[in-house]
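> Coordinates for the following, if possible.
(4 chains)
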Protein chains: 2
Amino acid sequence: MAGMAKAVTLLDVAKRAGVSVATASKALNNRGDVSSATRERVTEVAKTLGFAPNELARSLLVGRSSTVGILTSDLDGRFALPILIAVEDACGTGELSVFLCDARGDEESEQHHLRALLSRRVDGIIVVGSRTEARPPLGHNLPVPVVYAYAPSDDPNDVSLVTDNVGGAVLAVRHLVSRGRRHIAHITGDRGYVAANDRVLGMNQALADAGLPLCGDVMFSEWSERWGREATAKLLSEHPEVDAVFAGSDQIARGVVDALHAAGRAVPEDVAVMGYDNWEVLATNSDPALTTIDLNLELLGREAAGYLLQAIDGQTLLPGVRHVPARVITREST
Amino acid sequence: MAGMAKAVTLLDVAKRAGVSVATASKALNNRGDVSSATRERVTEVAKTLGFAPNELARSLLVGRSSTVGILTSDLDGRFALPILIAVEDACGTGELSVFLCDARGDEESEQHHLRALLSRRVDGIIVVGSRTEARPPLGHNLPVPVVYAYAPSDDPNDVSLVTDNVGGAVLAVRHLVSRGRRHIAHITGDRGYVAANDRVLGMNQALADAGLPLCGDVMFSEWSERWGREATAKLLSEHPEVDAVFAGSDQIARGVVDALHAAGRAVPEDVAVMGYDNWEVLATNSDPALTTIDLNLELLGREAAGYLLQAIDGQTLLPGVRHVPARVITREST
DNA sequence: CTGTTAGCGCCTTCAC
DNA sequence: GTGAAGGCGCTAACAG
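Model prediction:
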């Protein structure tokens, strides 16, 4: 560790420039009336001294910290990171710094982090979930605005942003139908997930619109490639007429493609395969690359940040759950 | 947004408890002499009022903010996140809050974030890179300690932690040799990456130790499944005797496995496949699941945090680059 | 145009 | 055992 220069204060700058702290402050903040000569001098001194205003002091004074907290329940998962990145980006341009807290799915830890954030006087909090199921609110009557992302709050008075899984599935089926497919099967993940059920909902809706029956039954199990492979083998033996598989996730889709190839079916010529999530490393490296549904997580994150900023600005937000539309990413598997 | 309770201050607590702020402070911090009766009363009042001390004020006073900054150059990549999680975790238990900044590979943005962190008087900074190449230091004579993680600083006076790619490759080859393989080929990524070259270095070393030649030449190209497939096809035609492939990444390994299957070779019976990175979603979902080298990124992050905490505590750290050992994760592909 | 004064909320002497 | 005073670094009123 090198020289450890001590942080330089406004007083240092003022002294060196031969003015009072007040004028130094005004000069640096372009506030009030200061002769351009002294302003320049002060600015110059500040630069050479490497002065950085102590935000702690300023925050204490003005009553805003210009910080926000991101409270995730599971950083590890696939969905928090893109949201996190988008929020960080949106805040960065607004001169807000973000505190990152990972509760690891533990409610006690979440409360702990909440207290810490409140102690540090964050101006707002974004709660990022890892599952689409609704969750209890962080707390009641909190001193700062809170926006829930991905996992909505179950209190209708809160504001939440979620991905539109129903709409995404509609898009997926429409895409398959537009490709001329008539025998569409659905292999998806854990039946206990709201996300899985929402997608089934949207799929049924779009299928009905197209006047098409589902090929076979919905096949629920785990969100894995293995399950994609297993289910496909079963599907092929029971419903050889299948000409499209709508997979509940890109992982499952990868397994479907593998099993299809193993059975000698060409993708997409014989059977089209549609993924879900647009998990890039899986979707683009697949052979053929996967057509899939993108969750628009970046947009979700950006909007969550936008709403929070509005709330911090004093605007009152319309409470409720907002659905961020998904979109289809067309690649080679359809 | 609900009632927006105003933040309660120590003065509020003191008044309500019928004491001065001084005694209230002492009572809550278990400092000085306070009768247990008043201490209890104050504590009680503080709890009912939901008092949370203003860390901004406290930090300003004590000269430490109990915050650290994490400055990443690419959050999006595969390597920053595990480190990030580990650092956050290590700091959280030490009552430190972490600021997250993503410079997105832009040096100007990095300096911008640096200034912001310094303004907020962080006690230390961890710089997390996304490539293993050495990078220029954040700055000189910074007022806080800095630790570099994953991508080392090119200034030997800084302290850096990196993964041991040379050692990891040694482990990989030894593992393959221990499985009785004699014809080991190496398919890896971009020749421009230090990581790729370090792994080749370690591989050659271990091969020499075992008295084995490399099967064919090192095959460099891009870090993708596609390349893994292509290279394998070529390898099989030129060196049909190959009985093991050491892949430079799990992505490449996935491609290798696919191409091997397509060519009718059984994995691991005919050809063993070894990945690198232990990217769980790729490695565990592969069929067969990939044996691979784990980078120990969590350990790296934890140690980086540990060193930073020591430095913050005033200890002077031994400068230089520390290598965190990798480890092999045995699965079914070998 | 510039400097002085008064706090933001907290903790630490030091009197009482 | 308790309270009054001072100050961390900064900015917003005022006064000169």
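
> mind checking how far the host helix or strand of A:Ala172 is from the chain centre?
Element membership for A:Ala172 (DSSP states H and E) is helix A:165-178. Relative to its chain's centre, helix A:165-178 lies at 22 Å (Cα atoms, centre = their mean, to the nearest Å).

> can you pull out the strands in chain A?
Assigned by DSSP state E, the strands in chain A fall at A:67-72, A:97-102, A:124-128, A:146-149, A:159-163, A:184-187, A:244-247, A:272-274, A:292-294, A:320-324, A:327-329.

> ok so, going back, tell me the helices and strands packed up against the helix holding A:Ala172.
strand A:184-187, helix A:194-210, strand A:244-247, strand A:272-274, strand A:292-294, strand A:327-329 (3 or more Cβ pairs under 8 Å, 6 or more residues apart in numbering or on different chains; DSSP states H and E). (C-beta placed from N, C-alpha, C; glycine too.)

> so which of these comes closest to DNA strand C?
helix A:194-210 (40.7 Å; Cβ to the nearest atom of the strand).

> quick one: average confidence on that closest one?
What helix A:194-210 shows for mean pLDDT is 98.

> For that helix, list every residue counted as buried.
A:195-200, A:202-204, A:206-207, A:210 (16 or more other Cβ atoms under 10 Å in any protein chain shown).

> what do you get for stretch A:276-288?
Buried, per 16+ other Cβ under 10 Å, within stretch A:276-288: A:276-279, A:281-287.

> again, but for stretch A:10-20
Buried residues in stretch A:10-20, counted by 16+ other Cβ under 10 Å: A:10, A:12-14, A:16-17, A:19.

> Check these against B:Gly50 and report the nearest one.
A:Leu10 (34.0 Å; Cβ to Cβ).

> Just confirm that closest one contacts A:Ser25, I think it does.
Yes: counting by Cβ atoms under 8 Å, A:Leu10 does reach A:Ser25; the two are 6.2 Å apart.

> if we can go back for a sec, so can I have CSV of the helices and strands packed on helix A:165-178 showing distance to A:Thr163?
Converted to CSV, these look like this (distance: least, Cβ to Cβ, whole Å):
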stretch, distance to A:Thr163
strand A:184-187, 18
helix A:194-210, 8
strand A:244-247, 17
strand A:272-274, 17
strand A:292-294, 9
strand A:327-329, 11
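
> of all the buried residues of stretch A:10-20, which two lie farthest apart?
By the measure Cβ to Cβ, A:Asp12 and A:Val19 form the most distant pair in the buried residues of stretch A:10-20, at 12.0 Å.

> Tell me how many other residues surround A:Ala37.
Neighbourhood size, A:Ala37 [other Cβ atoms under 10 Å in any protein chain shown]: 8.

> What distance do you get for it to DNA strand C?
Using Cβ to the nearest atom of the strand, to the nearest Å, A:Ala37 is found at 6 Å from DNA strand C.

> do the same with A:Arg226
54 Å.

> How many neighbouring residues does that residue have?
When neighbours are counted by other Cβ under 10 Å, A:Arg226 comes out with 18.

> any idea how far it is from A:Val218?
18 Å (Cβ to Cβ, to the nearest Å).

> again, but for A:Gly77
24 Å.

> who has more neighbours, these two?
Neighbours were counted for A:Gly77 and for A:Val218 using other Cβ under 10 Å; A:Val218 has more, 18 against 15.

> hang on, the earlier thing: need the buried residues of stretch A:10-20 in JSON lines (columns: distance to DNA strand D and pLDDT).
Converted to JSON lines, the buried residues of stretch A:10-20 look like this (distance: Cβ to the nearest atom of the strand, whole Å; pLDDT from 0 to 100):
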{"residue": "A:Leu10", "distance to DNA strand D": "3", "pLDDT": "94"}
{"residue": "A:Asp12", "distance to DNA strand D": "8", "pLDDT": "92"}
{"residue": "A:Val13", "distance to DNA strand D": "7", "pLDDT": "93"}
{"residue": "A:Ala14", "distance to DNA strand D": "8", "pLDDT": "93"}
{"residue": "A:Arg16", "distance to DNA strand D": "12", "pLDDT": "93"}
{"residue": "A:Ala17", "distance to DNA strand D": "13", "pLDDT": "92"}
{"residue": "A:Val19", "distance to DNA strand D": "11", "pLDDT": "93"}
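
> returning to that earlier point: out of the strands of chain A, deepest packed?
Mean neighbour count (mean count of other Cβ atoms under 10 Å in any protein chain shown) peaks for strand A:244-247 among these, with a mean of 31.

> Just checking: what are the partner strands of that one?
strand A:184-187 (parallel), strand A:272-274 (parallel) (DSSP bridges).

> Look up the closest residue to A:Ala311, ignoring the ones flanking it.
Nearest residue to A:Ala311, sequence neighbours excluded (Cβ to Cβ, 6 or more residues apart in numbering or on different chains): A:Pro145, at 3.5 Å.

> scratch that, A:Thr9 is what I was asking about
Excluding the flanking residues, the one nearest A:Thr9 by Cβ to Cβ, 6+ apart is A:Asn54, at 7.0 Å.

> So which residues on the stretch 51-200 of chain A come close to DNA strand C?
Proximity of the stretch 51-200 of chain A to DNA strand C, by Cβ under 7 Å from any atom of the strand, involves residues A:57, A:60-61, A:63.

> Which of these fall in helices?
Assigned to helices by DSSP state H, the following of these qualify: A:57, A:60-61.

> okay, these in CSV with distance to B:Ala233 next?
As requested, those are exported to CSV (distance: Cβ to Cβ, whole Å):
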residue, distance to B:Ala233
A:Ala57, 65
A:Leu60, 65
A:Leu61, 67
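
> about what we covered before: and of the helices and strands packed on helix A:165-178, who's closest to B:Ile83?
Of the helices and strands packed on helix A:165-178, nearest to B:Ile83 by Cβ to Cβ is strand A:292-294, at 26.8 Å.

> now what about the closest one, what contacts it?
Contact partners of strand A:292-294, identified using Cβ atoms under 8 Å, 6 or more residues apart in numbering or on different chains, comprise A:168-169, A:171-172, A:250, A:253, A:274-279, A:283, A:326-329, A:331.

> Tell me which stretches of the stretch 1-150 of chain A form helices.
For the stretch 1-150 of chain A, helices defined by DSSP state H, counting those that start in this stretch occupy the ranges A:10-17, A:21-29, A:36-49, A:55-62, A:80-93, A:107-119.

> Comparing the ones you listed, which comes out most buried?
By mean count of other Cβ under 10 Å, these have helix A:80-93 as the most buried, with a mean of 22.

> gap between that one and the chain center?
8 Å.

> now do stretch A:168-188
26 Å.

> ditto for stretch A:327-334
That offset, for stretch A:327-334, works out to 21 Å (Cα atoms, centre = their mean).

> where's the residue in the stretch 51-200 of chain A positioned nearest to DNA strand C relative to A:Leu49, distance?
Closest residue of the stretch 51-200 of chain A to DNA strand C, Cβ to the nearest atom of the strand: A:Leu61 (3.5 Å). Taking Cβ to Cβ as the measure, A:Leu61 falls 22 Å from A:Leu49.

> Which member of the residues of the stretch 51-200 of chain A next to DNA strand C is positioned nearest DNA strand D?
Nearest to DNA strand D among these is A:Ala57, at 3.2 Å by Cβ to the nearest atom of the strand.

> what's the closest of the residues of the stretch 51-200 of chain A next to DNA strand C to A:Arg120?
The closest of these, once distances to A:Arg120 are taken by Cβ to Cβ, is A:Leu60, at 11.5 Å.

> Setting aside sequence neighbours, what's the nearest residue to that closest one?
B:Leu56 (4.7 Å).
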